[in-house]
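**Q** The amino acid sequence is not available; the structure is as follows:
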């Protein structure tokens, strides 16, 4: 029987020169799947749609009150390091924008754009880690099927609180103060607001 490899630590990931496309899952370095054009378009459109309304100080025409980042590595208490497609922190809880590699401040919202060959990671691995860390909100955007699936933390696991298609307008937690057209999150419709 071959000896089992020792788990990789977050410090070892930090020391690597090729860390940008790697995640640390269960002590194993795992390459992040290369994004499709649909993935990149969805990521950019989501940041534009939510960013102009929320990635700002509170007050004024839009609610504000959030920090957003893309392709950001976040380290969790279980040692996992995920490179999230879009991640957000509430400014009232985190007054300064989180910095560094990997960010160690628990997010308040994580959004993953589903990639082919990456479904297990987004539907199983990440939710387990995020739930254990008590990340309040977890979204999955399926760029192929044009679906938004929003989850909210509960003690027993994430509860799906919303699923919507591209032809719908929704109030999606934690951004329920503003109506969002789901097609805008995929870059398939103009954001007229």
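**A** Everything's here; your move. In this text, all values refer to a predicted model and were calculated from it rather than measured experimentally. Numbering: from 1, shown residues only.

**Q** Secondary structure element holding the nearest residue to residue 80 once chain neighbours are set aside?
**A** Computed as Cβ to Cβ, 6 or more residues apart in numbering, the closest residue to residue 80 that is not its neighbour in sequence is residue 129, at 4.6 Å. (C-beta placed from N, C-alpha, C; glycine too.) Following DSSP states H and E, one finds residue 129 within helix 126-132.

**Q** Give me the distance from that helix to the chain's centre.
**A** 12 Å (Cα atoms, centre = their mean, to the nearest Å).

**Q** Poorly predicted segments of this structure, please.
**A** Judged by pLDDT under 70, the chain has its weakly predicted residues at 1-4, 192-193.

**Q** for this protein, longest helix please?
**A** Assignment by DSSP state H gives helix 37-54 as the longest helix of the chain.

**Q** What are the buried residues along it?
**A** For helix 37-54, burial by neighbour count (16 or more other Cβ atoms under 10 Å) applies to 38-39, 41-43, 45-47, 49-51, 53-54.

**Q** and after it, which helix or strand comes next?
**A** Counting by DSSP H and E, the element after helix 37-54 in chain order, helix or strand, is strand 66-75.

**Q** Contacts for that following strand, please.
**A** 10, 19-20, 23, 43, 47, 50-51, 54-56, 81-91, 94, 97-98, 101-110 (Cβ atoms under 8 Å, 6 or more residues apart in numbering).

**Q** Which residues does the longest helix of the chain contact?
**A** Residues from elsewhere that reach helix 37-54, judged by Cβ under 8 Å, 6+ apart: 35, 55, 62-66, 68, 70, 85-86, 88, 111, 113, 115, 141, 143-144, 175, 178, 180, 184-188, 191, 193.
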